[in-house]
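**Student:** What follows is a predicted protein model with its sequence.
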Amino acid sequence: MVLPKPAPPLRRFHPAELLTLAMLLLSSGIIAAFGLLDQAPGIFLANLGLVVLLFLAHPLQEKIQKRWFAVFRDWSILPIILFVYLETIRLAPLVHPRDVDDMLIAWDRRLFAGRDPTVLLEGATYPFATEVL
């Protein structure tokens with residue numbers, strides 16, 4: 001009996017899962033590199049838990065082989081991405097405690113002839129476009 005050849009390790013992941021894995025590992029690496037384990041242990045452990053879940057997704061899908069699990073796997077990435085996005089709000093001040101908003105506003109004004117880009121775009125806004133975007 002000839003067994004099917006297993007997929008290469010990276011082919012077992014969906015592209016969105018690979019990108020999410022990269023973000024989770026990058027975030028965890030930043031926590032470890034900046035010595036923030038004592039200040040953000042929950043985020044670090046949650047990231048590691050999500051990495052484990054993503055690594056288990058393919059073997060579980062092969063074992064369960066139900067349509068609902070495939071749909072669940074496809075859509076479960078959205079809350080994980082939301083979690084990764086929201087954790088940056090907590091991590092950014094830990095990595096770089098100085099607020100740079102004033103500097104960025106000054107750069108914007110220099111680039112746009114002393115005016116705020118949002119004020120310049122006010123004339124190009126339409127209610128329908130605003131709702132859609």
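**Tutor:** Arrived safely, thanks for sending. Computed from a prediction, not measured in an experiment: that's the story for all the values here.
**Student:** Domain ranges for this structure, per the record?
**Tutor:** Split into domains by automatic domain parsing, the chain comes to 10-98, 99-133.
**Student:** tell me the most buried of those domains?
**Tutor:** Highest mean neighbour count of the domains of the chain: domain 10-98, a mean of 14 (counted as mean count of other CB atoms under 10 Å). Glycine gets a C-beta too; all of them are placed from N, C-alpha and C.
**Student:** Distance from that domain to the middle of the chain?
**Tutor:** Mean-position distance between domain 10-98 and its chain equals 8 Å (CA atoms, centre = their mean, to the nearest Å).
**Student:** Mean confidence (pLDDT) on it, please.
**Tutor:** Per-residue pLDDT over domain 10-98 has a mean of 89.
**Student:** Packing partners of the lengthiest helix in the chain?
**Tutor:** When the chain is parsed with DSSP state H, its longest helix is helix 41-64. In terms of contacts (3 or more CB pairs under 8 Å, 6 or more residues apart in numbering; DSSP states H and E), helix 41-64 is packed against helix 15-33, helix 67-75, helix 77-95.
**Student:** Tell me the spacing between Arg67 and Pro15.
**Tutor:** Separation of Arg67 from Pro15 (CB to CB, to the nearest Å) stands at 21 Å.
**Student:** ugh, typo on my part, it should be Leu53
**Tutor:** Computed as CB to CB, the Leu53 to Pro15 distance reads 17 Å.
**Student:** Just send the helices and strands packed on helix 41-64 back as JSON lines, with distance to Ala46 too.
**Tutor:** What follows is these, written out as JSON lines (distance: least, CB to CB, whole Å):
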{"stretch": "helix 15-33", "distance to Ala46": "9"}
{"stretch": "helix 67-75", "distance to Ala46": "19"}
{"stretch": "helix 77-95", "distance to Ala46": "7"}
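**Student:** OK, contacts around Met103?
**Tutor:** Applying CB atoms under 8 Å, 6 or more residues apart in numbering to Met103 gives no contacts.
**Student:** Report pLDDT for it.
**Tutor:** Model confidence at Met103, given as pLDDT, is 93.
**Student:** helix/strand/coil for it?
**Tutor:** helix (DSSP: H, G, I helix; E, B strand; the rest coil).
**Student:** I appreciate the help and will end here.
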